[in-house]
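**Student:** Here is a sequence with its predicted model. Questions after.
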Amino acid sequence: MNKYNAKRTVVDGISFHSKAEAARYSDLKLLERAGVIFKLELQPAFPCVVNKKKICVYKADFKYHLKNGKWVVEDVKGYRTQIYRIKKKLVEALYGIEITEIQV
């Protein structure tokens, strides 16, 4: 258990930080098998570099592509820490994307 009461859960031999994240993975795998989404990635990393200086690395929970060619970045959240909020804004600004939050 961690300080947010999330319980590590294993699905398909992959360890997830919470039951909610594992459940979302299972949902996304079904969508991938049905051909709704493509190229599902786990824990995609987004380096945050400003003025040639590495500030941090943001790791999302999932990244996948839709049929229309767009890609989606998701983060499963039970609790939004201040650091998470800052990193989310930084990544969205640097990469020109919108991170989709899956609320638990």
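**Tutor:** All right, it came through fine.
**Student:** show me what contacts the residue nearest the centre of the chain?
**Tutor:** By CA atoms, centre = their mean, the chain has its centre lying nearest to Asp61, at 2.4 Å. Each residue near Asp61 by CB atoms under 8 Å, 6 or more residues apart in numbering is listed here: Glu21, Arg24, Leu42, Gln43, Glu74, Asp75, Val76, Ile102. Quick note: C-beta positions are derived from backbone N, CA and C, even for glycine.
**Student:** Now the buried members of these.
**Tutor:** Glu21, Arg24, Glu74, Asp75, Val76, Ile102 (16 or more other CB atoms under 10 Å).
**Student:** lowest confidence element among the helices and strands of the chain?
**Tutor:** strand 9-11 (a mean of 75; mean pLDDT, DSSP states H and E).
**Student:** one step back: mark which of the contacts of Asp61 are part of strands, please.
**Tutor:** Among the contacts of Asp61, the ones falling in strands (DSSP state E) are Leu42, Glu74, Asp75, Val76, Ile102.
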